[in-house]
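1. how does the following fold in three dimensions:
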Amino acid sequence: RDRIECLLDGSLAARKLGDTDAAIARAEAARATWSTLAVRPVTLEQRVYDDLAESYRIGGRYAQAEPAYAKAYALLESLGRQGTQNAGTVLNNRGIMLAQTGRPREAEPLLRRAIDVSRSDAGLGHVSPVLLVNYGWTLLELGRTAEAMPYLQSARAEAVRTGDDVTLNQSLLALAGALRAGGDLAGARQRLDEVEPRLHAALPAGHVAFVSLARQRALLALAAHDLDAARSQADRAVAIADLELTDYRVRILNAGTEAVTRVLIESEDENGDRWTTIGVSPNIIDASFQALMDSIVYKLVKSGAKA
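-> The predicted model follows:
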């Protein structure tokens with residue numbers, strides 16, 4: 001058991017240092033060691049699968065993370081601990097993984113349950129702002145802006161109360177997106193103006209958070225029909241994300257007044273990974289911008305950041 005505890009501690013330390021390969025290797029070693037024990041405590045097995053799932057998720061190995069999360073939660077249920085903060089954390093992390101992989105509809109009920117668990121846990125006086133902002137982001141992805149607003153506002157207030165600067169910044173970025181989607185462009189600009197100096201004070205210039213900021217400013221400029229500013233901010237996001245646009249293709253679908261433009265953009269990052277995104281609109285500028293923004297979002301997901 002002592003070896004398993006050491007491996008789990010080492011896996012957590014590796015995740016914090018950004019060494020995902022080491023985190024996964026130590027978590028897998030912990031699982032292998034657990035299987036050799038003469039007595040196998042379920043509580044320890046649950047910790048092993050919880051750690052394994054997180055290591056896989058952060059390492060981008062989502063296909064392996066999902067069954068590990070399911071196993072970790074099933075073990076909590078077998079212990080009668082599905083109403084504890086630990087269960088809420090597993091639900092939240094699994095929901096984040098689903099949202100990161102383009103499955104917000106599946107993520108939404110898990111993230112909502114995580115909040116419900118947090119509210120029902122008698123030992124907690126407040127819901128974590130992390131849970132609130134994650135749920136709010138997911139509602140935005142689903143186009144449920146009006147529902148997202150109170151969660152994001154609560155996340156902001158709770159982050160201020162607890163001094164959680166990281167979640168406060170995330171909530172401000174999310175609120176900017178929600179306000180823009182709701183047509184309040186001035187309010188969206190105020191939130192971005194509020195968060196930008198906070199990010200500069202806390203993070204290095206090339207941090208992925210500035211990609212999110214530039215993307216939000218580009219979308220805001222597009223909503224205000226300021227194409228020059230939108231293009232400038234989009235270029236900034238691409239530069240910070242260290243992306244190279246390697247291909248650009250346009251196809252006209254249908255004909256006459258029913259014509260629709262489809263734009264395909266191929267991107268490559270600093271690791272040599274490539275992906276293609278598609279934008280479709282009657283307007284070639286809108287289609288191009290849509291494809292470019294989706295490429296930036298993909299890069300953000302690869303980096304583990306919120307869009």
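2. what ranges do the helices span in this structure?
-> 2-16, 20-34, 42-58, 62-78, 85-100, 104-120, 129-141, 145-162, 165-181, 185-202, 209-223, 227-240, 284-302 (DSSP state H).
3. okay, those, which one's buried deepest?
-> helix 129-141 (a mean of 26; mean count of other Cβ atoms under 10 Å). Where C-beta positions appear, they are placed from N, C-alpha and C, glycine not excepted.
4. please save the CA atoms from that one in CSV.
-> The C-alpha coordinates for helix 129-141 follow below in CSV (Å, rounded to 0.1, in the frame of the first residue of the first chain):
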residue,chain,number,x,y,z
PRO,A,129,-16.9,28.6,-8.2
VAL,A,130,-15.0,26.0,-10.4
LEU,A,131,-18.2,23.9,-10.6
LEU,A,132,-20.3,26.9,-11.4
VAL,A,133,-18.1,28.3,-14.2
ASN,A,134,-17.6,24.8,-15.8
TYR,A,135,-21.4,24.4,-15.9
GLY,A,136,-21.9,27.9,-17.2
TRP,A,137,-19.4,27.4,-20.0
THR,A,138,-21.1,24.2,-21.1
LEU,A,139,-24.5,25.9,-21.2
LEU,A,140,-23.0,28.5,-23.4
GLU,A,141,-21.7,25.8,-25.7
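5. for it, packing partners?
-> helix 85-100, helix 104-120, helix 145-162, helix 165-181 (3 or more Cβ pairs under 8 Å, 6 or more residues apart in numbering; DSSP states H and E).
6. of all those helices, which lies closest to residue 205?
-> helix 165-181 (15.4 Å; Cβ to Cβ).
7. tell me the mean pLDDT over the closest one?
-> Averaged across helix 165-181, pLDDT comes to 95.
8. okay, the angle between that helix and helix 129-141?
-> Here the directions of helix 165-181 and helix 129-141 differ by 20 degrees (axes from the mean of the first three to the mean of the last three Cα atoms, to 10 degrees).
9. many thanks, I have nothing further to ask.
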